[in-house]
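K.L.:
Pasting the sequence and the predicted model now:
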Amino acid sequence: MSVRNMTLIQAITEAMDEELQRDSRVFITGEDVGPRGGVFRATLGLHEKYGSDRIVDSPLAELSIVAIGIGAAVGGLRPICEIQFSDFIWPAFNQILSEAARMYYRSNGTWNVPMVIRAPYGGGVSGGLYHSQSVEAFFAHIPGLKIVIPSTPQDAKGLLKSAVRDPNPVMFFEPKKGYRAIKGDVPDEEYTVPIGPARIAREGSDLSIYCYGMMAHYCMIAAEKVAREDGIQAEVVDLRTLLPVDKAAILKSFKKTGKALIVYEDNLTMGYGSEVASILADEGFQYMDGPIKRLAAPDVPGVAFSHPLQEEYMLNPDKIAAAIRDLVKY
Amino acid sequence: MTDSSVQERSSAQLTPETLVEMYRVMVLSRRLDERAWVLHRQGKIAFHISAIGHEACQVAAAFAIQRGVDFVYPYYRDLTLCLALGITPLHFMLSLFGKEGEISSNARQMPSHFSHRALNIVSGSSSVATQVPHAAGTAFAIQYRHKIGLTRPDDATQPRLALTCLGEGSTSQGEWHEGMNWAGVHKLPFICLVQNNRYAISVPYEQQSAMPNVADRAAGYGVKGIVVDGNDVLESYDALRLAAERAYSGEGATLIEAKTYRPVPHSSDDDDRSYRSREEVESWKKKDPILRYQNTLLARGLLTPEAIEDINQRAVTEVDEAHRTAENAPYPSIASLYGSVYAPLEDD
């Protein structure tokens, strides 16, 4: 199998390029997605290749980007809607919650909304309170949505292609700190990665680490570090899809290790990891060999701009390694 | 700019049969609506929200477009519009009673949240104005399909415009603005029909907007704005037909404001005596759109007193039958609560 090494964002661009090529119903809209190629360059070159009919710069209004996408999907198209930063998605929240997620249910399965909402998320980029948020937990509470957060170029490409083909609204959150920092091999041939299953990113027997997105990348670094320095074998479960959640994979790993460290970049309280902890406590009680631990951001209203404050807020491989060492003591 | 002088009288082209058919739908809507109020008073249904007073502009909207083909995003007051498009009295009665087989949602939604896939009536929520940018998005999809050659612009078997309706109160929402803005920027085949009944539940128009007319705001979006007497079927039809022709011929979006009145409370949960005088309500009842249209058709010799009685009697019979059938129908199965959360993956 021939592969190419590329960055996370290159994989995302390739996925969109291939889906635009494959299906003329696919179009992209969002702020600056046209000739500018997006502020992060996710749509780089696509306007040149597909033109302004299919790569459509939107007015600066996030609600409309999502709502127009919903209407276009109802009208038979396959929109990919880009929200420039997930921090700016809130004006569209009602459209996602009350409209996109409920259309299929409230029409008794007669109208559906096949659309993708892409949004870069996460901190550590000197973005302050409003260019750093992790927003997934708000959406993970909404039946009718699918939520995908990739951590590798291979998954990002395959999952985004699946998202475009999915007949439901899919939230596709991209770890922007990893856009260029995360590199990996991507198969040359056409492939997709199914939405739903988690991926065992690293096998181990001492504890299970549950994570996604940028934190999955950090957890892999931390796991290698504790293996090297302490001989600890951590199993890393990259959840990839948050909704619907892969309960079977979560429980299977827990059965093997009996210990769980759940790592997420969002605020601790009511974060996505709280749901993972709940699943483990509820359905994995008999495997439990230690406290179910969550490692997350402090409960302050946002990521501060000043560098040392940002570093205090953000998790990193060293903080994760320390949490691993604490947990395996049980 | 407001353009209240519609030059082309396209209503002059309507056949006598169509003119009478429009009247029939209005009468059917009124009888059905009145029955719903009675059922609520009897404690047999939980909720009703009425189209009474709005029948003229709604029937005009339905007959001005390709019914059952063009996309329609209605709001909760669009009973007459939806009956004209093909929703049946039984569909409506099943929604009032929350019974199995209800067409819009299988009774998941409250009554009057109309949806019908085969008729291209798209499901809406109770959050007002959310449907406006959806309709603009669907109009965008129509235009897109023409541009890239998926559909021919002159193929009348395919949807060629998207129509949405809302009350004037809902035009205060940002969603209305964002939808109108897209419609203007892309010159979309889009019609927004604002049914201005002067009250957002209890708040009078003067406390909603400083503009004399909602349609004046069309200028702010670069679309055509038209004010019509929403209680006049033919005047409403002329404006809506003009808007449809503009959409079909690629001239862009139209905002129509139909001035009307709701002579009944906002819904079965409202008491309008707290915010307006009985004299005001009575004065508007004299301008009842069905009576006005009936007089027009009588004057033109298209209706007779006997025909009026016959149309009314048939409407009552239809409502009786739908009422009986719906009341005796079973509720949806308990298992149905859990169905259709996600659409199944398609074979690619």
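P.N.:
Thanks, I have the structure now.
K.L.:
Give me the buried positions along whichever helix or strand residue B:247 is part of.
P.N.:
Assigned by DSSP states H and E, residue B:247 belongs to helix B:233-248. Within helix B:233-248, the residues that qualify as buried by neighbour count (16 or more other CB atoms under 10 Å in any protein chain shown) are B:233-244, B:246-248. (Glycine included, C-beta is placed from N, CA and C.)
K.L.:
Run me through the strand neighbours of the helix or strand that comes right after that helix, direction for each.
P.N.:
Helices and strands here follow DSSP H and E; after helix B:233-248, the next one along the chain is strand B:254-259. Its sheet considered, strand B:254-259 pairs with strand B:190-196 (parallel), strand B:224-229 (parallel) by DSSP bridges.
K.L.:
Setting aside sequence neighbours, what's the nearest residue to residue B:323?
P.N.:
Nearest residue to residue B:323, sequence neighbours excluded (CB to CB, 6 or more residues apart in numbering or on different chains): residue B:93, at 5.6 Å.
K.L.:
and of the buried residues of helix B:233-248, the nearest to chain A?
P.N.:
Nearest to chain A among these is residue B:247, at 13.8 Å by CB to the nearest CB.
K.L.:
Just the pLDDT at that closest one, thanks.
P.N.:
Note on residue B:247: pLDDT of 98.
K.L.:
need the contact list for it.
P.N.:
B:139, B:160-161, B:188-191, B:253-254 (CB atoms under 8 Å, 6 or more residues apart in numbering or on different chains).
K.L.:
can you put those in TSV and add neighbour count?
P.N.:
Formatted as TSV, these follow (neighbours: other CB atoms under 10 Å in any protein chain shown):
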residue	neighbour count
B:139	34
B:160	26
B:161	28
B:188	28
B:189	31
B:190	34
B:191	30
B:253	31
B:254	28
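K.L.:
Name the residue of the stretch 201-330 of chain A that lies nearest to chain B.
P.N.:
Of all residues in the stretch 201-330 of chain A, residue A:244 sits closest to chain B, with a separation of 8.0 Å (CB to the nearest CB).
K.L.:
just the stretch 151-300 of chain A next, same as before
P.N.:
Counting by CB to the nearest CB, the stretch 151-300 of chain A gets nearest chain B through residue A:167, at 3.9 Å.
K.L.:
My read is that that residue contacts residue B:340, right?
P.N.:
No. Counting by CB atoms under 8 Å, residue A:167 stays clear of residue B:340, with 11.5 Å between them.
K.L.:
Break down chain A into its strands, ranges please.
P.N.:
For chain A, the strands defined by DSSP state E cover A:3-7, A:26-30, A:55-57, A:78-82, A:116-121, A:146-148, A:170-175, A:183-187, A:199-202, A:207-211, A:234-238, A:241-243, A:260-267, A:292-297.
K.L.:
hmm, back to that, which residues are common contacts for residue A:167 and residue B:340?
P.N.:
Common neighbours of residue A:167 and residue B:340 (CB under 8 Å, 6+ apart) do not exist.
K.L.:
so which of the strands of chain A is the most packed in?
P.N.:
strand A:207-211 (a mean of 30; mean count of other CB atoms under 10 Å in any protein chain shown).
K.L.:
Can you check which helix is longest in the chain?
P.N.:
As the question left the chain open, I've gone with chain A. For chain A, the longest helix by residue count, based on DSSP state H, is helix A:213-230.
K.L.:
right idea, wrong chain: chain B
P.N.:
Using DSSP H to define each element, chain B has its longest helix at helix B:16-41.
K.L.:
Which strands and helices lie in contact with it?
P.N.:
helix B:55-64, helix B:79-85, helix B:89-97, helix B:289-299, helix B:305-328 (3 or more CB pairs under 8 Å, 6 or more residues apart in numbering or on different chains; DSSP states H and E).
K.L.:
Export those to a markdown table and append columns for mean pLDDT, distance to residue B:124 and mean neighbour count.
P.N.:
Formatted as a markdown table, the helices and strands packed on helix B:16-41 follow (pLDDT from 0 to 100; distance: least, CB to CB, whole Å; neighbours: other CB atoms under 10 Å in any protein chain shown):
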| stretch | mean pLDDT | distance to residue B:124 | mean neighbour count |
| --- | --- | --- | --- |
| helix B:55-64 | 98 | 15 | 29 |
| helix B:79-85 | 98 | 11 | 28 |
| helix B:89-97 | 98 | 13 | 24 |
| helix B:289-299 | 98 | 24 | 17 |
| helix B:305-328 | 98 | 22 | 15 |
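K.L.:
ok and the residue in chain A nearest chain B?
P.N.:
Closest approach between chain A and chain B, counting by CB to the nearest CB: residue A:71, at 2.1 Å.
K.L.:
so what's that residue closest to, chain neighbours aside?
P.N.:
Nearest to residue A:71 is residue B:137, by CB to CB, 6+ apart, at 2.1 Å.
K.L.:
Next: residue B:274.
P.N.:
residue B:202 is the one closest to residue B:274 (CB to CB, 6+ apart), at 6.8 Å.
K.L.:
Now for that neighbour: which residues touch it?
P.N.:
With contact taken as CB under 8 Å, 6+ apart, residue B:202 is in contact with B:266, B:270, B:272, B:274-275.
K.L.:
what about the one residue in the stretch 151-300 of chain B that gets nearest to chain A, neighbour count?
P.N.:
Going by CB to the nearest CB, chain A is nearest to residue B:178 of the stretch 151-300 of chain B, at 3.7 Å. Neighbour count of residue B:178, defined by other CB atoms under 10 Å in any protein chain shown: 26.
K.L.:
Now do the buried residues in the host helix or strand of it.
P.N.:
Per DSSP H and E, residue B:178 falls inside helix B:174-185. Going by neighbour count (16+ other CB under 10 Å), the buried part of helix B:174-185 is B:175-185.
K.L.:
Out of those, the closest to residue A:214 would be?
P.N.:
Comparing the buried residues of helix B:174-185 against residue A:214 with CB to CB places residue B:178 closest, at 31.6 Å.
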